[in-house]
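**Q** Using only what follows, build the 3D model:
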Amino acid sequence: MIYISLIKLIVGVALGKQNLAYSGFIDIGYKPSPKDLVAEFFLEKGRGVSFREAAQAIASESSIGTWTEISTMKPEIKKSLSPKIFEMRPYSGTVKIAYPMELFEKGNIPQLLSSIAGNIFGMKEAKNLRLEDINFPDEYINAFKGPKFGIAGIRKTLNIYNRPLLGTIIKPKLGLNPEEHAKVAFEAWLGGCDLVKDDENLTSMAFNNFERRVKETLKMRAKAEKMTGERKAYMANVSAPYKEMVRRAKFLKKQGNEYAMVDIVSIGWSALQELRNEELGLILHAHRAGHAAFTRNPKHGISMLAIAKLCRLCGLDQLHIGAIFGKMTGARFEVQKIGEEIEHRIVRPSIGGHVLAENWLHLKPMLAVCSGGLHPAKVPGLVNALGKDIAIQMGGGIHGHPMGTMKGATAARQAIEAAVHKIPLHEFAKNHFELQAVLRQWK
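**A** Coordinates of the predicted model:
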């Protein structure tokens, strides 16, 4: 049998025919069942193969197949577990594959990614390949807890219900000591920020110890809350090897903090799942540092949309989605990239919201955090495109205000107020000098 398979392969290559091991996966008339997991790919075929052959190679290698015919492939396995390519569009590169649920272990994101985002990225049949989207069957979703708080829980914690949340990042990223860090946070909160967070590479440094930074910053938070009469939140970065990460998260809880921030790419999917399973009672903020290593290329890698959906399954409460400026005119919707790239498909212009708030059974919706190159002039576009259930996070757009951090936060808060009440910024700025100053600086 082995010799026969080898002869078939050699003959097929010699005649320029399709590899028989990568055949039988196309079923254009198939309609995915509620029990199928559906993955959408962008595919650019490799040299020497047709688009049809390349698509089948991807379907095979991401499921039950291998590069040649094998004697151990029982007919019943191929019949019951074969994925089905039900849509192929060579001109756009779109390939949609329905996988039987039996191919995946429930509650195991690493196994899922090893299948539909594993060896297939290195196959010679694909010059370029990108996992664009994943639709999960109910059976798969039900194996996860999802966010503990979600949008409603975050709003209840902060007592903010009718507007976007406003956040900032302490700048510079590195270099401030705990007291200096806490002072910048205090000024941002006093000016109008709801959220203040560490940057992605600030953990526990020689010049800024984690425990000391947390204590000093929470002191300033208490002072800001007393002076403003508003709830404030600090998102401290706990990213570290797993045991240390959990220890730091528990320290935050003991200090009376509500949030923990994690770098999702750096710590990995297993750690994200387990951190949620610890049931620490903390709102989990996801920073996506490093995502562009595999999301930036529009032809190869994994989309931010797919990553965002996996984060929701894992149980993260809020996630950076980048920064957009959008405007609606009737049925027309325009999105323009600013700073970091955003996956436009996260936006759902027809409902004035985003995909992270879609109905997913018992899983609570995630809060989308807009960030990257933002300043007050961009706020109306964000609210127009995504609605009020978002956090708008500005770094330089607050700290770069000509009158400093506090006035920068005030200007950003004024921009949110104007957008929520649908007042043009230039009109609102006439009686708000902080916003007026920043509109002159950034158009």
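**Q** lowest-confidence helix or strand of the chain?
**A** One helix or strand of the chain scores below all others by mean pLDDT, DSSP states H and E: strand 332-337, with a mean of 34.
**Q** most centrally placed residue in this protein?
**A** Ala308 (3.2 Å; C-alpha atoms, centre = their mean).
**Q** any idea how this structure splits into domains?
**A** Taking automatic domain parsing as the reference, the chain has its domains at 2-141, 150-441.
**Q** picking up where we left off before, can I get the helix or strand that contains the residue nearest to the centre of the chain as PDB, trimmed to CA atoms?
**A** In this assignment (DSSP states H and E), Ala308 forms part of helix 304-314. This file holds the C-alpha atoms of helix 304-314, laid out as PDB (Å, rounded to 0.1, in the frame of the first residue of the first chain):
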ATOM      1  CA  MET A 304      -7.100  41.200  14.500                       C
ATOM      2  CA  LEU A 305     -10.800  40.300  14.200                       C
ATOM      3  CA  ALA A 306     -10.000  36.600  14.800                       C
ATOM      4  CA  ILE A 307      -7.700  37.500  17.700                       C
ATOM      5  CA  ALA A 308     -10.400  39.700  19.200                       C
ATOM      6  CA  LYS A 309     -13.000  36.900  19.100                       C
ATOM      7  CA  LEU A 310     -10.500  34.500  20.800                       C
ATOM      8  CA  CYS A 311      -9.900  37.100  23.500                       C
ATOM      9  CA  ARG A 312     -13.700  37.200  24.200                       C
ATOM     10  CA  LEU A 313     -13.800  33.400  24.500                       C
ATOM     11  CA  CYS A 314     -10.800  33.500  26.900                       C
END
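**Q** Show me which parts of it are buried, residue by residue.
**A** Neighbour-count burial for helix 304-314, counted by 16 or more other C-beta atoms under 10 Å, picks out Met304, Leu305, Ala306, Ile307, Ala308, Lys309, Leu310, Cys311, Arg312, Leu313, Cys314. Just so you know, the C-beta spots here come from the backbone N, C-alpha and C atoms, and that holds for glycine as well.
**Q** where along the stretch 51-200 of the chain do the strands fall?
**A** All strands of the stretch 51-200 of the chain, identified by DSSP state E, counting those that start in this stretch, fall at 84-89, 94-100, 126-135, 165-169, 195-197.
**Q** which other helices and strands contact the last one?
**A** For strand 195-197, the elements it packs on are strand 165-169, helix 178-191, strand 233-235, strand 259-263, strand 390-394, judged by 3 or more C-beta pairs under 8 Å, 6 or more residues apart in numbering; DSSP states H and E.
**Q** List the buried residues in the second one.
**A** If you call a residue buried by 16+ other C-beta under 10 Å, then helix 178-191 has these buried ones: 178, 180-191.
**Q** Lowest average confidence across the domains of the chain, which one?
**A** With a mean of 84, domain 2-141 has the lowest mean pLDDT of the domains of the chain.
**Q** just how off-centre is that one within its chain?
**A** 26 Å (C-alpha atoms, centre = their mean, to the nearest Å).
**Q** How about stretch 149-156?
**A** 18 Å.
**Q** residues in contact with it?
**A** Applying C-beta atoms under 8 Å, 6 or more residues apart in numbering, the contact partners of stretch 149-156 are 147, 157, 161, 165, 283, 317-318, 357, 364-367, 389.
**Q** for the top helix by length along the chain, packing partners?
**A** Criterion DSSP state H: the longest helix present in the chain is helix 210-228. Helices and strands touching helix 210-228, by 3+ C-beta pairs under 8 Å, 6+ apart, are helix 178-191, strand 233-235, helix 242-254.
**Q** looking at these, which is closest to Gln414?
**A** Closest to Gln414 of those, according to C-beta to C-beta: helix 178-191, at 10.1 Å.
**Q** Redo the helices and strands packed on helix 210-228 as CSV? Include distance to Ala271.
**A** Formatted as CSV, the helices and strands packed on helix 210-228 follow (distance: least, C-beta to C-beta, whole Å):
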stretch, distance to Ala271
helix 178-191, 25
strand 233-235, 18
helix 242-254, 5
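**Q** Ser63 against Lys78, yeah?
**A** No - the criterion here is C-beta atoms under 8 Å, and Ser63 misses it with Lys78 at 10.1 Å.
**Q** Have a look at these two and say which one is more surrounded.
**A** Counted by other C-beta atoms under 10 Å, Ser63 and Lys78 do not tie: Ser63 has more neighbours, with 19 against 13.
**Q** which residue sits closest to the more buried one in space, ignoring its chain neighbours?
**A** The shortest distance from Ser63 to any non-neighbouring residue, by C-beta to C-beta, 6 or more residues apart in numbering, is to Pro83 (4.8 Å).
**Q** From Glu53, how far out is the one you found?
**A** 15 Å (C-beta to C-beta, to the nearest Å).
**Q** Give me the pLDDT for Trp442.
**A** In this prediction Trp442 is given a pLDDT of 81.
**Q** That one and His401: what is the separation?
**A** For Trp442 relative to His401 (C-beta to C-beta), the value is 10 Å.
**Q** which of Pro83 and Glu53 has more neighbours?
**A** Under the criterion of other C-beta under 10 Å, the comparison of Pro83 against Glu53 puts Pro83 first, with 26 against 17.
**Q** Would you list the phi and psi of that one?
**A** With angles defined as degrees, to the nearest 10, Pro83 sits at phi -70, psi 160.
**Q** how about it, what does it touch?
**A** Phe25, Ala59, Ser62, Ser63, Ile64, Ile97, Ala98, Tyr99, Pro100, Leu103.
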